[in-house]
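1. quick one, fold the following:
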Amino acid sequence: DYRNTNNQDNDTDATLLQELSLQTTCQILLDTALNHSTHTLEDASLLKHAVTASKKAGMDKKHCTLWERQITTLERTMADDMIQSDTQIALSDCGLQSILTALQHADANKAPLSLQAGLSHAQVEAALTEFYASLYAPPLPLYETWKDPVLRKYARSKVAHNVAQAYTTIYNAISSPDIGAYTDLSFLGHEPEQVKALLSL
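-> Numbering: from 1, shown residues only. Got it, this is the predicted structure:
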């Protein structure tokens, strides 16, 4: 009986050591992957699948949950970086970037916006005409190659929101009689809420 008990204890110790060794190895590998400077969303997706497989194979759930959270944070950080870049591209493609940049460099205390560089009536009207035309098929990224549907929906919505917010900023500045001082605002074809609706927000 003593021998059986001793063998069982040894088996338990061996199993525990094996589990600890596996967890330590996984933690080292995951830490190395997470701290690598050249991540892609594909890499993060592969890591997430690996953790899921480890969980199914019997890996401690507490460790797996921690790793999943770390990977999710990594995915969101990478997605936000791409969203910021894609927003700039979308603003350029739809015609708003030039006006937004001019507004950011304008000095409303020096002169009305309509008299400042890049913000003449003709320039603003041309940019907004281009933007309104783009609303029939907004040049927004679809992120079709992203495997995570939740992240894909988040990115699409965020870029659309950023474009709508840029339009709101432009609309409010241009339509203000004190700041914009445009004598004719007939080129303002849509209110901000209408643009949000057209962008499916």
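2. residue nearest the centroid of the chain?
-> Nearest residue to the geometric centre of the chain (CA atoms, centre = their mean): residue 80, 3.1 Å.
3. residue boundaries of the strands in the protein?
-> Taking DSSP state E, the chain contains no strands at all.
4. where does it dip in pLDDT?
-> 1-39, 108 (pLDDT under 70).
5. show me the contacts for residue 83.
-> 155, 158-159, 162 (CB atoms under 8 Å, 6 or more residues apart in numbering). For the C-beta atoms, the positions are set from N, CA and C on the backbone; glycine is no exception.
6. how many other residues sit next to the closest residue to it other than its chain neighbours?
-> Nearest residue to residue 83, sequence neighbours excluded (CB to CB, 6 or more residues apart in numbering): residue 158, at 4.9 Å. Applying other CB atoms under 10 Å, we find 17 residues neighbouring residue 158.
7. ok, and the closest non-adjacent residue to residue 72?
-> Distance criterion CB to CB, 6+ apart; nearest residue to residue 72, sequence neighbours excluded, is residue 48 at 7.9 Å.
8. could you measure from that neighbour over to residue 57?
-> 15 Å (CB to CB, to the nearest Å).
9. same question, residue 154
-> Taken as CB to CB, the span from residue 154 to residue 57 is 30 Å.
10. between those two, which is the more surrounded one?
-> Higher neighbour count among residue 154 and residue 57: residue 154, with 18 against 8, using other CB under 10 Å.
11. hmm, that one is touching residue 80, no?
-> No - here residue 154 does not reach residue 80: they are 9.3 Å apart, not a contact under CB atoms under 8 Å.
12. and the closest residue to residue 160 other than its chain neighbours, what are its phi and psi?
-> The shortest distance from residue 160 to any non-neighbouring residue, by CB to CB, 6+ apart, is to residue 199 (4.4 Å). Dihedral angles of residue 199 (phi, psi; degrees, to the nearest 10) stand at phi -90, psi 10.
13. for residue 144, what are its contacts?
-> The contact partners of residue 144, taken as CB under 8 Å, 6+ apart, are residue 152.
14. next one: phi and psi at it?
-> phi -70, psi -20.
15. any idea how far it is from residue 153?
-> According to CB to CB, residue 144 and residue 153 sit 12 Å apart.
16. who are the neighbours in contact with the residue nearest to residue 83?
-> 80, 83, 87.
17. among the residues you listed, which ones are in helices?
-> 80, 83, 87 (DSSP state H).
18. so who does the closest residue to the last one other than its chain neighbours touch?
-> If I follow you right, that is residue 87. Of all residues not flanking residue 87 in the chain, residue 162 sits nearest, at 4.2 Å (CB to CB, 6+ apart). For residue 162, the contacting residues are 83, 87, 90-91, by CB under 8 Å, 6+ apart.
19. any idea how far residue 162 is from residue 85?
-> Counting by CB to CB - residue 162 and residue 85 are separated by 11 Å.
20. same question for residue 122.
-> 30 Å.
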